[in-house]
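Participant: Take a look and give me a structure for this.
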Amino acid sequence: MNVGYVAIAGKPNVGKSTLLNAMLGTKLSIVSPRPQTTRQRVLGVDNGPGHQIVFLDTPGLLAPKYGMQEKLLAIAETSIREADLLLFLLDAVDGLKPEDQAFFTTYRKKRTIIVINKIDLVIKEALLASIAKVHQATGCDEIYPISALTKFGVEDLRRGIVAHLPQGMPFYDPETLTDQPEQFFVAEIIREKIFMSFGAEVPYSTAVVIDDFKEQEGRKDVIRATIWVEKPSQKAMVIGAQGRKLKAIGTMARKDIETLLERPVYLELWVKVREKWRRKEGDLRELGLG
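Facilitator: Predicted coordinates for the structure are as follows:
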C-alpha cells in the first residue's frame, strides 16, 4: 500500500482548503474568499484502493507582521518539514510571482509537485504559457493544472500523489477522516460564518472558543461558544442592532453544525473583548493558537 503525509502549501487564498475538500469528497476545511482563513493545520485522510494519503492543509505562506502570523507560518513550516510530499499551490490567475518563487525555493522538498489551481478562470493559451514559465523558473517537472472548485484534474493529481508515496502500513483506521475532535470543526464553522458576514477587519480579529459541548441522548446537544474580538467596537458589530447579526451568524452556523454532527443542536453564542490578543503570546495559547 502507498502511504504517506502530503502537505498542501502556498500563499493565502490559492485554494488549499478547497483542494483538501475536493480530495476528500467532503467539507473538512472551512473556505472563504478571504486570505488567511485557515489558522490551524487540518489533517484529512484519503483512504482509497491501495493507498492512504494523509493530507495536511496549512495556513498560507506569508512574511509575518505580528504574533499570530508568526504562529501560522510556524504551523505551515512544521507540516512541510514532516511531510513525505509537498504540494505547492499556485494561482492560475496570478501566475508565478516573486514571492511564490522565494517560498518555493525555501520550502521545496525532494518530492514536490506544483499544482496550478483555478484554471477555470483563465484561457488555455495563458495557462500553457504559465506552465512553461513555472517549469523554467523552478525546474520542477511535475506540474498539475487543476480546478479544485470544479474538481477538474483532481483525480489525475491524486494518481500522481500516490505514485510518489512510499510503501507501508496505513497510519489511520480506514474509517478515519481526521484527527481533530468535533469541537474543533464546530468552532471552525462558527468562524467561517463570521468571515462570510463581515468585511476585512472583524474576521481577522476574531477567535472562537467552545466553552461547553454537551451531548444529550434523545435531546438536542448543547453547544456554548465565545467569539473573542479585540475591540468594543468589534463586539458591537458582531452582536448587531438588537442582536440580529449574532443571531444570523448562529442560525447559519447551527445548520452546518447539525449537518456535520448529524443530530440537532442548541447553539448559544457570546461575544467578549480581549484587546490585541493576536499580538500576545499568552492570549494566543489560551485561545488555542499557541
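Participant: Could you measure from Arg219 over to Ala253?
Facilitator: Distance from Arg219 to Ala253, counting by C-beta to C-beta, to the nearest Å: 20 Å. All C-beta atoms are positioned from the backbone trio N, CA, C, and that covers glycine.
Participant: higher neighbour count, the two?
Facilitator: Ala253 (25 against 11; other C-beta atoms under 10 Å).
Participant: How about Val6, nearest residue that isn't a chain neighbour?
Facilitator: Spatially, and ignoring its direct neighbours in sequence, Val6 is nearest to Leu85 (4.7 Å; C-beta to C-beta, 6 or more residues apart in numbering).
Participant: before we move on, which element is Val31 in?
Facilitator: Under the assignment given by DSSP states H and E, Val31 is not contained in any helix or strand.
Participant: Same question for Leu269.
Facilitator: Using DSSP H and E, Leu269 falls in strand 265-273.
Participant: same thing with Glu155?
Facilitator: helix 154-164.
Participant: in stretch 238-251, what counts as buried?
Facilitator: 238-239, 245-246, 249-250 (16 or more other C-beta atoms under 10 Å).
Participant: wait, what's in contact with the residue nearest to Val6?
Facilitator: 4-7, 109, 111-113, 161, 164-165 (C-beta atoms under 8 Å, 6 or more residues apart in numbering).
Participant: about what we covered before: include pLDDT when you put the buried residues of stretch 238-251 into CSV, please.
Facilitator: Formatted as CSV, those follow (pLDDT from 0 to 100):
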residue, pLDDT
Val238, 96
Ile239, 97
Lys245, 96
Leu246, 97
Ile249, 97
Gly250, 97
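Participant: related to what we said a few turns ago, and the helix holding Glu155, what other elements does it pack with?
Facilitator: With contacts defined as 3 or more C-beta pairs under 8 Å, 6 or more residues apart in numbering; DSSP states H and E, helix 154-164 has these neighbours: strand 2-10, helix 16-24, strand 42-48, strand 51-57, strand 85-91, strand 112-117, strand 143-145.
Participant: how far away is the residue nearest to Val6 from Asp156?
Facilitator: Leu85 is 15 Å from Asp156, by C-beta to C-beta.
Participant: next one: Gly243
Facilitator: Where Asp156 is concerned, Gly243 sits at a distance of 49 Å (C-beta to C-beta).
Participant: Ok, Asp120 next?
Facilitator: 15 Å.
Participant: backbone phi and psi for the closest residue in space to Asn47 that isn't next to it in sequence, please?
Facilitator: Sequence neighbours aside, Pro174 is the residue nearest to Asn47 in space, at 4.9 Å (criterion: C-beta to C-beta, 6+ apart). Dihedral angles phi and psi of Pro174 (degrees, to the nearest 10) take the values phi -60, psi -20.
Participant: For burial, what's the neighbour tally of Pro174?
Facilitator: Residues near Pro174, counting by other C-beta under 10 Å, number 9.
Participant: Test my guess that it contacts Gly48.
Facilitator: No - in terms of C-beta atoms under 8 Å, Pro174 does not count as a neighbour of Gly48; the distance is 9.9 Å.
Participant: buried sites along stretch 84-95?
Facilitator: Buried residues in stretch 84-95 (16+ other C-beta under 10 Å): 84-92, 95.
Participant: who's in contact with Leu87?
Facilitator: 6-9, 19, 112-113, 115, 157, 161.
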